[in-house]
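Novice: Quick one, what's the 3D model for this:
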Amino acid sequence: MNRDIFLADAHLLSPTDANYQRLLAFLKAQQGRLRTLYILGDLFEFWVGYRQLVFAPYVPLLHALGELRATGTEIVYVEGNHDFHLGPYFRETLGCRVLPDGGEVHIDGHRVHLTHGDLINGGDRGYHLLRRLLRSRLLLGLIALAPGDLTWAISRWASRRSQKGQKPKADRRLPQAQITAFARKQFAAGCELVVTGHFHQPFHLELNAGQIFGLGDWIDQYSYLLYENGCFELRTY
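Specialist: Numbers count the residues shown, from 1 in each chain. Okay, the predicted model is just below:
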């Protein structure tokens with residue numbers, strides 16, 4: 001069963017939302033047909049892993065991922081900027097392979113670099129500082145002491161603040177020069193493909209040294225990357 005799927009940026013929030021329901025249907029259709037599911041970050045609008053609880057709106061999705069694992073699918077999860085410190089549920093209960101900063105995987109002889117994409121702009125010092133703070137052991141310790149409902153409420157407030165006045169990412173100009181510069185570094189290290197999320201625009205760039213795939217999103221585009229019969233192809237559901 002040499003069939004793999006890559007997806008990112010669903011930003012799931014409520015089980016009643018259309019994109020949430022559509023993703024559940026998509027995952028159910030993959031049961032028994034999928035070798036590996038690669039999640040390249042921001043599957044959730046917000047996730048941080050507690051040891052003894054999960055956020056209630058995400059129970060249906062976690063159940064769907066568990067059913068996929070039970071039918072033999074491996075799950076590889078690259079943390080995004082909305083889902084980090086994935087915690088024991090993903091590692092212990094679902095048995096996921098977690099890549100906090102992305103990294104290289106081998107797929108039938110192909111060397112593939114996976115990234116959420118938030119690290120591609122190395123010049124955004126403000127974001128990189130915030131990212132280090134959010135992923136610090138200190139903040140994780142503070143979150144562990146806070147009630148889950150409080151953490152959820154703070155995340156919703158922060159999300160609304162960050163989105164206020166901003167264009168949707170799918171409408172923004174793609175930073176192609178930064179993406180290709182990042183990819184060339186991975187090609188120089190021996191990878192032949194780079195797969196990224198974060199930009200909410202599906203794209204395929206072919207360079208002399210390799211290929212770059214952008215996954216788009218699972219908000220209203222429902223785009224993903226399929227690997228099957230030795231070929232990588234962008235698709236929509």
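Novice: buried sites along the least confident helix or strand in the chain by mean pLDDT?
Specialist: In the chain, no helix or strand scores lower on mean pLDDT, DSSP states H and E than helix 148-163, which sits at a mean of 73. Using 16 or more other CB atoms under 10 Å as the test for burial, helix 148-163 gives 151-152, 155. In short, each C-beta sits where N, CA and C put it, glycine included.
Novice: Which single one of those residues is nearest to residue 38?
Specialist: residue 155 (24.6 Å; CB to CB).
Novice: Test my guess that that closest one contacts residue 55.
Specialist: No - with contact defined as CB atoms under 8 Å, residue 155 does not count as touching residue 55 (9.1 Å).
Novice: so what's in contact with these two at the same time?
Specialist: Common contact partners of residue 155 and residue 55 (CB atoms under 8 Å, 6 or more residues apart in numbering): residue 46.
Novice: TSV for the buried residues of helix 148-163, including distance to residue 87?
Specialist: TSV is the format used below for the buried residues of helix 148-163 (distance: CB to CB, whole Å):
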residue	distance to residue 87
151	12
152	15
155	15
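Novice: what residue is smack in the middle of this protein?
Specialist: The structure's the chain has its C-alpha centroid closest to residue 41; by CA atoms, centre = their mean the separation is 1.7 Å.
Novice: Pull the residues that contact the least confident helix or strand of the chain.
Specialist: 45-46, 48, 50, 53, 55, 143.
Novice: Could you list which of those residues belong to strands?
Specialist: residue 48 (DSSP state E).
Novice: List only those of the contacts of helix 148-163 flagged as buried.
Specialist: Looks like those have 45-46, 48, 50, 55, 143 buried, using 16+ other CB under 10 Å.
Novice: any low-confidence regions in this structure?
Specialist: 161-171 (pLDDT under 70).
Novice: Give me the outermost residue of it relative to its centroid.
Specialist: residue 208 (26.8 Å).
Novice: separation between that residue and residue 187?
Specialist: Distance check for residue 208 against residue 187: by CB to CB, to the nearest Å, it reads 9 Å.
Novice: Doesn't residue 23 lie inside a strand?
Specialist: No - Residue 23 is assigned helix when assessed by DSSP: H, G, I helix; E, B strand; the rest coil, not a strand.
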